[in-house]
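Novice: got a structure for you, letters missing:
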């Protein structure tokens, strides 16, 4: 029950619900006001304009949202007017069909400029589709376009008013959502400590969750670093939010530094009986991260887990007792590894305590030193380059293929809607625009969920209209379903379609009272027809399959890992490493890993015949993830790296970078004979530790536990382990890259 309550709170306090409330208010206020004055039809037109503009008002930097909404108002107004004029010439079906196909292509092609631009295109498609069956005079077409424009402007004003009243609310919600995802990521990593851990399954989960964490952190980064009020004229609240974000990114990297060779760890440490206790403590910390994220979403100070410190102290005592009782020359390596895992757990707990304090937004926190961050280097510029359009007018461009697919599918849907003996033929076109997406996997998923959701929603909606006769109750149900629809439309499409169908049926009941079964029949037939056309269009004009560019993404990720490794290892060679250089290298790795993992997940949802060398690709994706985690682990030692800096590290560092560059070259040239893989010679790093180990064993034999030798051996052994893990994974990546490009 507690888990269900927590899940409900995560959803109800998220920015998705805020978007849903905002959209529902923007749509329903004009309808209710117009209905009060007996002008329901006018209210519907205004609400339609508000709904279209709301599609572009996704959470993000405020000036991006404003630009998107203004663009949507202009596009929707123009298409509403022009489609209305086309309706006057309704008997020229060929001309109307050409208009549908042209608008379909242009609105889909706008998506080349990014997600928000794609939303603007979707708004244009929506108004065109919903206006296509109108038969208006020129005067009526102009009046309708003005009403639609007014609705869009009303929503723009509403959204800006809400933002001005609570300018930091969406950022807090997005930041909380990112921390909740970080907690889920940490929870999944705890599964590695199970004796019967499913390593492949855990890594698959981690790849999916890493994409989510990156996307959510990137959203917060855009909102913070591109909001002028925060960057240039920071307030106490904005400074605290900035500190929370920067610490949250560091926390995620620290979690990644827990990477170990888990099979070897279990072989060495299962007898210690400490791994289950470690797992339990990690789960406590994961819940703490989720609690902090939830508090940020709610806008309340988080209540720290008062028992966590005691549990951590007990774990420390358990480790010390076990170590004192069983430490010998056969398990010293296991206890060195366990000590560093324990230190990592302590560090994560300390970071979470800091984040807990930040959620109070106490005035004293503002006295902490302000971090100097060059914000512009951490966000991507948002420029609309016409060259981007011309470069994508090619059959090799996925967005071009998608645009052609949408255009032809709408053309087929238009003619079919004229043939089908049902009303509301525009539902066929509406289904096509909603289902067709650039990626095969998403289109397939949307197709299935649209059909199932429509069937379920039609059943539930029909039952409600049959049994509920009170108009006020039906109105309340319609508003609730509308709220749920717009809150879930981007995260849970199936339930969103169910509630969407319900509120559409109820709305038609209000607009045209009568036999609702006719509307129900039309909805089902048109949805099925639109889904069928979308499926056929996807087969006839397939997208670029993921395997066609997965090698490029692998290459970019490997190069990013090589740059990350080169930066992180500088302190171990007595070379300077600036904080900016380190953070930029880290960010680039996270970006490339997220892009690669996302593409691989889409590839898994494509037809089996299109999953070329899928197992090998999967191994390389996991290897890149493991490599980044080991490099991040190495980065956690950079503060004392200077104490152990030595040229003896250079051969193994150079070997790892050589292997990574070799792997990237294989993928770049697609030539398995580009060069020959070279085996590594023995490295001096491990040899240097043998004398230190012998000294430590002698100390243990004499009963000396806590000595300077222990600390030095522990730290040097862990550093050497990470270098060896990194070199081994890099070597494996080079071998697999060569195998991948073999015909």
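Specialist: Ah, there it is. Since this is a predicted model, take the numbers as computed values, not measurements.
Novice: so who does residue 65 touch?
Specialist: By Cβ atoms under 8 Å, 6 or more residues apart in numbering, residue 65 lies in contact with 56, 57, 58, 159, 163. Glycine gets a C-beta too; all of them are placed from N, C-alpha and C.
Novice: Please apply the same query to residue 505.
Specialist: Residue 505 touches 457, 458, 461, 462, 464, 465, 516, 519, 520, 523, counting by Cβ under 8 Å, 6+ apart.
Novice: can you rerun that using 6 Å?
Specialist: For residue 505, the contact set (Cβ atoms under 6 Å, 6 or more residues apart in numbering) comprises residue 461.
Novice: can you check residue 295 too?
Specialist: Listed by Cβ under 6 Å, 6+ apart, the contact set of residue 295 reads 302, 359.
Novice: What strand or helix carries it?
Specialist: Taking DSSP states H and E as the definition, residue 295 sits inside helix 275-298.
Novice: Repeat that for residue 556.
Specialist: helix 550-568.
Novice: Can you check the distance spanned by stretch 108-120, start to finish?
Specialist: Taking Cα to Cα, to the nearest Å, the first and last residues of stretch 108-120 lie 9 Å apart.
Novice: show me where the stretch 1-150 of the chain has strands.
Specialist: With DSSP state E, counting those that start in this stretch, there are no strands along the stretch 1-150 of the chain.
Novice: could you pull out the helices for it?
Specialist: Applying DSSP state H, counting those that start in this stretch to the stretch 1-150 of the chain gives helices spanning 2-12, 15-36, 40-54, 62-88, 93-109, 115-131, 138-165.
Novice: Could you pull out the buried residues of the first one?
Specialist: Buried residues in helix 2-12, counting neighbours by 16 or more other Cβ atoms under 10 Å, are found at residue 10.
Novice: Could you do stretch 736-743 as well?
Specialist: Under the neighbour-count criterion of 16+ other Cβ under 10 Å, stretch 736-743 has 736, 737, 738, 740, 741 buried.
Novice: and which of those residues is nearest to residue 146?
Specialist: For those, the residue nearest residue 146 by Cβ to Cβ is residue 740; the value is 58.2 Å.
Novice: The helices of the stretch 1-150 of the chain into a markdown table, with extra columns for mean pLDDT and distance to residue 582?
Specialist: Below are the helices of the stretch 1-150 of the chain laid out as a markdown table (pLDDT from 0 to 100; distance: least, Cβ to Cβ, whole Å):
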| stretch | mean pLDDT | distance to residue 582 |
| --- | --- | --- |
| helix 2-12 | 76 | 32 |
| helix 15-36 | 90 | 31 |
| helix 40-54 | 90 | 41 |
| helix 62-88 | 88 | 28 |
| helix 93-109 | 90 | 40 |
| helix 115-131 | 89 | 29 |
| helix 138-165 | 92 | 34 |
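Novice: out of those helices, nearest to residue 256?
Specialist: Proximity to residue 256 (Cβ to Cβ) singles out helix 2-12 among the helices of the stretch 1-150 of the chain, at 23.0 Å.
Novice: Not counting the closest one itself, show me its contacts.
Specialist: 180, 294.
Novice: The top helix by length along the chain: how far from the chain's middle?
Specialist: In the chain, assigned by DSSP state H, the helix with the most residues is helix 708-741. Centroid separation for helix 708-741 versus its chain: 30 Å, with Cα atoms, centre = their mean, to the nearest Å.
Novice: Point out the other helices and strands that the helix holding residue 556 packs with.
Specialist: Applying 3 or more Cβ pairs under 6 Å, 6 or more residues apart in numbering; DSSP states H and E, we find helix 550-568 packed against helix 579-604, helix 614-635, helix 650-669.
Novice: want to throw those helices into TSV with distance to residue 472?
Specialist: Output for these, formatted as TSV (distance: least, Cβ to Cβ, whole Å):
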stretch	distance to residue 472
helix 579-604	45
helix 614-635	54
helix 650-669	64
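Novice: quick one: low-confidence ranges for the stretch 401-550 of the chain?
Specialist: For the stretch 401-550 of the chain, the stretches with pLDDT under 70 are 421-425, 511-516.
Novice: Would you map the helices across the stretch 201-350 of the chain?
Specialist: 228-231, 236-256, 262-269, 275-298, 306-326, 332-358.
Novice: For residue 569, which of those is the nearest?
Specialist: Comparing the helices of the stretch 201-350 of the chain under Cβ to Cβ, the one sitting nearest is helix 236-256, at 16.2 Å.
Novice: residues of the closest one that come out buried?
Specialist: By 16+ other Cβ under 10 Å, the buried positions in helix 236-256 come out as 238-245, 247-249, 251-256.
Novice: Next: stretch 164-175.
Specialist: So, applying 16+ other Cβ under 10 Å, buried residues of stretch 164-175: 167, 168, 170, 171, 172, 173, 174, 175.
Novice: Can you give the contact residues for it?
Specialist: Stretch 164-175 is contacted from outside by 14, 15, 59, 219, 220, 223, 237, 241, 244, 245, 296, 297, using Cβ under 6 Å, 6+ apart.
Novice: one more time with 7 Å
Specialist: For stretch 164-175, contacts defined as Cβ atoms under 7 Å, 6 or more residues apart in numbering pick out 13-15, 18, 59, 216, 219-220, 223-224, 237-238, 241, 244-245, 248, 296-297, 299.
Novice: ok now that stretch, how far from the chain's centre?
Specialist: In terms of Cα atoms, centre = their mean, the centre of stretch 164-175 is set 19 Å apart from its chain centre.
Novice: May I have the distance across it, first residue to last?
Specialist: End-to-end distance of stretch 164-175: 19 Å, with Cα to Cα as the criterion.
Novice: Same check on stretch 569-584?
Specialist: Stretch 569-584 end-to-end distance (Cα to Cα) = 15 Å.
Novice: Buried residues, it. List them.
Specialist: Applying 16+ other Cβ under 10 Å to stretch 569-584 flags 569, 570, 571, 572, 577, 582, 583, 584 as buried.
Novice: from the residues you listed, which is closest to residue 120?
Specialist: Nearest to residue 120 among the buried residues of stretch 569-584: residue 584, at 31.3 Å, using Cβ to Cβ.
Novice: Could you check how far the closest one is from residue 567?
Specialist: Between residue 584 and residue 567 the computed distance is 8 Å (Cβ to Cβ, to the nearest Å).
Novice: Also residue 473?
Specialist: Counting by Cβ to Cβ, the gap from residue 473 to residue 567 is 63 Å.
Novice: Let me see the domain layout of the chain.
Specialist: According to automatic domain parsing, the chain comprises the domains 1-165, 166-376, 415-543, 546-741.
Novice: pLDDT averaged over the second one - what is it?
Specialist: In other words, domain 166-376. Averaged across domain 166-376, pLDDT comes to 83.
Novice: Quick check, residue 483 in contact with residue 18.
Specialist: No - with contacts counted by Cβ atoms under 7 Å, residue 483 stays clear of residue 18, the gap being 11.0 Å.
Novice: From residue 33, how far out is the nearest residue to residue 727 once chain neighbours are set aside?
Specialist: Nearest non-adjacent residue to residue 727, counting by Cβ to Cβ, 6 or more residues apart in numbering: residue 656, 4.5 Å away. Distance of residue 656 to residue 33, given as Cβ to Cβ: 66 Å.
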